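Chemist: Quick one: sequence and predicted model below, then my questions.
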Amino acid sequence: MASSPRTGRSSIATTALTIGVLTLVAVAAVLLVSGGDPLGMTQRVVDSLYPPEAVTSQGAQIRELYTIVFLLAVVVFFVVEGLIVWTAIRYRRKPGQDELPPQTHGNAIAEVVWTVVPLIIVLVMFFVSWQTLNSIERVSATPDVKVRAIAGQFQWTFEYLPADWEPAEEGQPAPPAPLYTEFVPVRADETSDDPSVAGGLNLPAGRSVKLYLDSPDVIHAFYVPQFLFKRDVVPGRTNIFEFDIDERFIGDTFRGQCAELCGAGHRVMLFTVHAMAPDTFDTWLQDKIASAPPPAPSGEPGASGEPGASAPPSSGTVVPIAALNVAFDQSALSVPADTPFQIAFDNQDPNIPHNVEIKDGGGATVFNGEIFPGVAQRTYDVPALPAGAYTFLCTVHPNMTGTLTAD
């Protein structure tokens, strides 16, 4: 005997029972995954949908814009999905319905709604985005701090600038020299929270910072995730933006990187940003300015830490070495033991900083020459070394290395 078809009421009951069972299974799964802390898991899920906490006032504005766009997207999602579910239930095929229902062709109200509502949403998003972008793009004529970030293959250089520094324009005199230059060593596996360690961009919290971005080679990008902001570093053009770190983050350290694929060494273009108290920053910068070696006169080779070329040592030993394409032209050097000598260093890499550092067998530095960008030359006066094998390298690019033998 054939069974009678299910009624619409029994079909609804079966659907409701199925939804209830699936809900219970989902709740059990959430409890299992969250370890009995569903509220904590919910908070983590919500946090994962948002960018990290902004540490600058400009980043806070970007986060507010993200929140507005995100909430609009959530509303649109639930309205559209709700209409889909409602339509599927309301107009499902019921038992005994073997013919198509009446078809509707054209509905002026529906067409007006699905045209006007998206237009309103787009206009609202355009207005709030325009306001936010204009606000974060605003720069002042007299910021508290000026810093120039130079991105080169494959390291960062940060120059702390005097208050009257501006990029050079054609036909105008060159800008004044930086107050202090920080060369970021290429050490992808090392980070430090200590602002005294090389490799960091030290900035005062609560002060406006104007950042100038330059590149001597290819396109790079300056990106600190907690800034919620990325800006390209383009050759031949100085890009500028301004920000201020909230004082709540004094003492914190943030990771920065190049966010534009710039070549084989892209992964090592890392740096850290240290948020310092204003008075601590002032003291740090003054100490760095006081301890920085004076630059050698333009066009003349100079000894490490001293302007001008010095006379050859009594032994007359001058060891030539050059850097090109981020590599030394020699992998082995030989010098007399227990006798001072000179290294004539020729940096042939345009706008890329190099130097010569010498370490003994235990890894201790016995000589550290001045770091300077090319194309330029320096003559280093090296004190007498006991007989033995040493390692010479570039402080900025530790992969540039070789062996120095004193005998």
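Modeler: Yes, it's here.

Chemist: domains of the chain?
Modeler: 31-93+108-136, 145-169+177-291, 318-406 (automatic domain parsing).

Chemist: can you give me the end-to-end distance of the shortest one?
Modeler: For domain 318-406, the first and last residues are 14 Å from each other (Cα to Cα, to the nearest Å).

Chemist: what about that domain, average pLDDT?
Modeler: For domain 318-406, mean pLDDT is 88.

Chemist: got it, and stretch 93-105?
Modeler: 81.

Chemist: go on, stretch 276-285?
Modeler: For stretch 276-285, the per-residue pLDDT averages 93.

Chemist: Which residues outside that stretch are in contact with it?
Modeler: If you take Cβ atoms under 8 Å, 6 or more residues apart in numbering as the criterion, stretch 276-285 is touched by 160, 179-180, 195-196, 202-207, 250-251. All C-beta atoms are positioned from the backbone trio N, CA, C, and that covers glycine.

Chemist: for that stretch, which positions count as buried?
Modeler: Of all the residues in stretch 276-285, those buried under the rule 16 or more other Cβ atoms under 10 Å are Met276, Pro278, Thr280, Phe281, Trp284, Leu285.

Chemist: burial of the residue nearest to Asp217 when sequence neighbours are not counted, as a residue count?
Modeler: Nearest non-adjacent residue to Asp217, counting by Cβ to Cβ, 6 or more residues apart in numbering: Gln153, 5.2 Å away. Gln153 is flanked by 21 other residues according to other Cβ atoms under 10 Å.

Chemist: If I look at Gln153, what pLDDT would I see?
Modeler: Gln153 carries a pLDDT score of 78 in this model.

Chemist: got the contact list for it?
Modeler: Asp217, Val218, Cys262, Gly263, Gly265, Val326, Ile352.

Chemist: repeat that with 10 Å
Modeler: 215-218, 220, 258, 262-266, 269, 325-326, 349, 351-352 (Cβ atoms under 10 Å, 6 or more residues apart in numbering).

Chemist: now Gly236
Modeler: Asp214, Ser215, Pro216.

Chemist: With distance to Val122, secondary structure and neighbour count as extra columns, can I get those residues in a markdown table?
Modeler: Listed next are the contacts of Gly236 as a markdown table, based on distance: Cβ to Cβ, whole Å; DSSP: H, G, I helix; E, B strand; the rest coil; neighbours: other Cβ atoms under 10 Å:
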| residue | distance to Val122 | secondary structure | neighbour count |
| --- | --- | --- | --- |
| Asp214 | 37 | strand | 21 |
| Ser215 | 35 | coil | 25 |
| Pro216 | 41 | coil | 18 |
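
Chemist: just checking, which of the buried residues of stretch 276-285 belong to strands?
Modeler: Judged by DSSP state E, those include Met276 as members of strands.

Chemist: quick revisit: going through the contacts of Gln153, which ones are buried?
Modeler: For the contacts of Gln153, buried by 16+ other Cβ under 10 Å: 215-218, 220, 258, 262, 265-266, 269, 326, 349, 351-352.

Chemist: Now, those that are in strands?
Modeler: His220, Cys258.

Chemist: Tabulate the buried ones among the contacts of Gln153 in a markdown table, adding columns for distance to Gly236.
Modeler: Listed next are those as a markdown table, based on distance: Cβ to Cβ, whole Å:
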| residue | distance to Gly236 |
| --- | --- |
| Ser215 | 8 |
| Pro216 | 9 |
| Asp217 | 11 |
| Val218 | 11 |
| His220 | 13 |
| Cys258 | 18 |
| Cys262 | 15 |
| Gly265 | 21 |
| His266 | 20 |
| Met269 | 19 |
| Val326 | 21 |
| Asp349 | 18 |
| Asn351 | 12 |
| Ile352 | 17 |
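
Chemist: Now tell me which of the buried ones among the contacts of Gln153 the prediction trusts least.
Modeler: Comparing the buried ones among the contacts of Gln153 by pLDDT, Asn351 comes last, at 73.
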